[in-house]
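J.: Would you be able to build a 3D model of this:
(2 chains)
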Protein chains: 2
Amino acid sequence: MSITPTAAILVIGNEILSGRTHDTNVKYIAERLKNAGIQLLEVRIIPDNEDMIIDTVNTLRQRYVYVFTTGGIGATHDDITAASIAKAFDRPLIEHEGALAALIAHYQERLNDNRRRMAMMPANCGYIANPVSGAWGFYVENVYCLAGMPSVMQAMFNEVLPTLKGGVPFISQTITCDLLEGDIAHALAAIQTNHPCIDIGSYPFYRNPLDIGVSFVVQGQDNVDVLAAADAIRQMVVTFGGTFLNETLA
Amino acid sequence: MSITPTAAILVIGNEILSGRTHDTNVKYIAERLKNAGIQLLEVRIIPDNEDMIIDTVNTLRQRYVYVFTTGGIGATHDDITAASIAKAFDRPLIEHEGALAALIAHYQERLNDNRRRMAMMPANCGYIANPVSGAWGFYVENVYCLAGMPSVMQAMFNEVLPTLKGGVPFISQTITCDLLEGDIAHALAAIQTNHPCIDIGSYPFYRNPLDIGVSFVVQGQDNVDVLAAADAIRQMVVTFGGTFLNETLA
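T.: Sure thing, here's the model as predicted:
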């Protein structure tokens, strides 16, 4: 059996913690890691605070195979990710010629000291190309530092993903019906017991008194086992007199 | 100067880490804590895994004044929050008469062993009423365990919030314009330096080549200082020849 690499995401950004911005990067990365056979085991969201970034990065990078950070790599005073990562790895923060060349090519005569600051990265880091704005991301060992702006983050993540060692992709099946969790929990638990390598989640929804039900999500790395567990759940729904519904994001 | 209470949110749920479900609970809680003068300093998202729940709860509850968990308190096999919290606090998991009475009142003849399991909570916990489905949440010391379903989570959080000791509310102003971060970063940094008690965030957006700009978010607990910093930013936008735009969720 092959080993499944693990991952964590570190979202760096006051704007998420203040409730102003609704993070969309976690879902984007999570879906693609799953398809690459990499198991996302933790997400942390922390402020633009140097000590917290250093502590958290040093914890996560020892615990997981891959760590992805988002946010804090722009041109303004609140962009402190590069300097914090350099400190976490005890490396100097230096101007990188390659990153500077990319900034010059993109900004040309609009390159100034503010923008030039985006070429400051930890010594001996690797680069992550940014096809959107010319300001590169970077990685140090297993920590990949991506932009916070979704369009840029996505472009950077798609540069990184093909370079990672993945595992067997996770596949999933979702079954949604109008039954209530409390009526089928024991039967569902028995199916979980029969498929110990598969993760079965149960997600009730209650949108109004006439639109109540549950989605079952069956996920695993063995296609045959996933399909067998999903079939067992479908049979359970029939046995309990349920009606299948279109999937809902409960 | 009054002390600002701190908080963390612990999202318990494989469905967020798999990318299936887009969490909305963090934003809901974050906005309301800010208005109550409670500073949200960290969010963690972890799987339905007992060891991780115990470890994480025990870390967060010692580090922050309030901890809110979401998810894992339903009737199915994957709902392990109550048992895990009991272990984190080294308390037995017992059936609570009050919680059972609420389940009986709500489910009546439909109460079965699956649903009755939702009355199992750590010994000597407090209750959080659930006006939606009759399955109560609970709290132990400073850890408040809420449902994962947004409608239920919101109802529970609104039960809890008035019981918390808050601080001076955080207020914020957002200024959005068509300038580029790299052109104003030095001027913005000077404004931040002049207002050290205020947090100024800069959030660029790039939706298409004709729709580029930045939102500045000024946040703090001193109304006069927040307004003064916001005015300074508006003046900066004018000085740099920018045009004000409606706020965007960058």
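
J.: Could you look up the SS state of residue A:145?
T.: With DSSP: H, G, I helix; E, B strand; the rest coil as the basis, residue A:145 sits in strand.

J.: residue contacts, it?
T.: A:69, A:73, A:81, A:82, A:85, A:128, A:137, A:138, A:139 (C-beta atoms under 8 Å, 6 or more residues apart in numbering or on different chains). For the C-beta atoms, the positions are set from N, CA and C on the backbone; glycine is no exception.

J.: same check, this time on residue A:198
T.: A:192, A:218, A:219, A:220, A:222, A:225, A:226, A:229.

J.: what two of these are the furthest from one another?
T.: Greatest spacing in the contacts of residue A:198, by C-beta to C-beta: A:192 and A:222 (14.8 Å).

J.: what about the helix or strand bottoming out on mean pLDDT in chain A and chain B, touching?
T.: Least confident helix or strand, chain A: strand A:199-208 with a mean of 90, by mean pLDDT, DSSP states H and E. Yes - residues of strand A:199-208 are located near chain B by C-beta under 8 Å from any C-beta of the partner chain, namely A:199, A:200, A:201, A:202, A:203, A:204, A:205, A:206, A:207.

J.: What count of nearby residues applies to the first one?
T.: Counted with other C-beta atoms under 10 Å in any protein chain shown, the burial measure for residue A:199 works out to 20 neighbours.

J.: Next one: it from residue B:49, what distance?
T.: 11 Å (C-beta to C-beta, to the nearest Å).

J.: show me where chain A has helices.
T.: Along chain A, counting by DSSP state H, helices occupy A:14-17, A:25-35, A:50-63, A:81-88, A:97-107, A:113-116, A:150-160, A:181-194, A:223-239.

J.: so which of those is the most packed in?
T.: Ranked by mean neighbour count, those are led by helix A:14-17 with a mean of 25 (mean count of other C-beta atoms under 10 Å in any protein chain shown).

J.: ok now that helix, how far from the chain's centre?
T.: Its chain's C-alpha centre and that of helix A:14-17 lie 17 Å apart, by C-alpha atoms, centre = their mean, to the nearest Å.

J.: got it, and stretch A:223-237?
T.: Using C-alpha atoms, centre = their mean, the offset of stretch A:223-237 from its chain centre is 27 Å.

J.: quick one: average pLDDT of that stretch?
T.: Per-region confidence: stretch A:223-237 scores 98 on mean pLDDT.

J.: which residues touch the closest residue to residue A:198 other than its chain neighbours?
T.: Leaving aside its sequence neighbours, residue A:198 sits nearest to residue A:220 (C-beta to C-beta, 6 or more residues apart in numbering or on different chains; 4.0 Å). Contact analysis of residue A:220 by C-beta under 8 Å, 6+ apart lists A:170, A:171, A:172, A:195, A:197, A:198, A:199, A:226, A:229.

J.: I'd like the residues you listed as a markdown table, with distance to residue A:99 appended.
T.: Shown next, in a markdown table, are the contacts of residue A:220 (distance: C-beta to C-beta, whole Å):
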| residue | distance to residue A:99 |
| --- | --- |
| A:170 | 34 |
| A:171 | 38 |
| A:172 | 38 |
| A:195 | 48 |
| A:197 | 44 |
| A:198 | 44 |
| A:199 | 41 |
| A:226 | 43 |
| A:229 | 48 |
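
J.: and of those residues, the nearest to chain B?
T.: Chain B lies nearest to residue A:199 out of the contacts of residue A:220, by C-beta to the nearest C-beta, at 6.2 Å.

J.: who are the neighbours in contact with the closest one?
T.: A:218, A:219, A:220, B:14.

J.: Residue A:38 versus that one, what's the distance?
T.: Counting by C-beta to C-beta, the gap from residue A:199 to residue A:38 is 15 Å.

J.: Repeat that for residue A:70.
T.: 16 Å.

J.: ditto for residue A:88
T.: In terms of C-beta to C-beta, residue A:88 sits 22 Å off from residue A:38.

J.: do the same with residue A:76
T.: On the measure of C-beta to C-beta, residue A:76 and residue A:38 end up 32 Å apart.

J.: what do you get for residue A:127?
T.: 21 Å.

J.: Give me the more crowded residue out of those two.
T.: More crowded of residue A:127 and residue A:38, by other C-beta under 10 Å: residue A:38, with 25 against 15.

J.: Verify the stated contact: the more buried one with residue A:164.
T.: Yes - using C-beta atoms under 8 Å, residue A:38 is in contact with residue A:164, at 6.7 Å.

J.: Now the common contact residues for the two.
T.: What both residue A:38 and residue A:164 touch, as defined by C-beta under 8 Å, 6+ apart, is the set A:5, A:66.

J.: Please parse chain A into its domains.
T.: A:6-163, A:171-245 (automatic domain parsing).

J.: roughly how far is the longest one from the heart of the chain?
T.: This means domain A:6-163. 13 Å.

J.: Can you pull the poorly scored residue ranges out of chain A?
T.: A:1-2, A:247-250 (pLDDT under 70).

J.: residues touching residue A:91, list them.
T.: Contacts of residue A:91 (C-beta under 8 Å, 6+ apart): A:122, A:123, A:124, A:125, A:140.

J.: same thing but 10 Å
T.: Contacts for residue A:91 (C-beta atoms under 10 Å, 6 or more residues apart in numbering or on different chains) come out as A:85, A:121, A:122, A:123, A:124, A:125, A:140.

J.: before we move on, what about residue A:107?
T.: Counted by C-beta under 10 Å, 6+ apart, residue A:107 has contacts A:115, A:116, A:118, A:133, A:134, A:135, B:180, B:182.

J.: What of residue A:171?
T.: A:34, A:35, A:218, A:219, A:220, A:221, A:222, A:223, A:225, A:226, A:227.

J.: For these, could you give me TSV that also reports distance to residue B:148?
T.: As requested, those are exported to TSV (distance: C-beta to C-beta, whole Å):
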residue	distance to residue B:148
A:34	19
A:35	24
A:218	18
A:219	17
A:220	22
A:221	25
A:222	27
A:223	28
A:225	26
A:226	23
A:227	27
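
J.: roughly how far apart are residue A:225 and chain B?
T.: 17 Å (C-beta to the nearest C-beta, to the nearest Å).

J.: Likewise for residue A:162?
T.: 19 Å.

J.: my read: that residue touches residue A:128, true?
T.: No - if you go by C-beta atoms under 10 Å, residue A:162 and residue A:128 don't touch, sitting 11.9 Å apart.

J.: So which of those two has more stuff around it?
T.: Neighbours per residue, other C-beta under 10 Å: of residue A:162 and residue A:128, the larger number sits with residue A:128, 21 against 8.

J.: Touching, that one and residue A:156? I think so.
T.: Yes - judged on C-beta under 10 Å, residue A:128 makes contact with residue A:156 at a distance of 4.9 Å.
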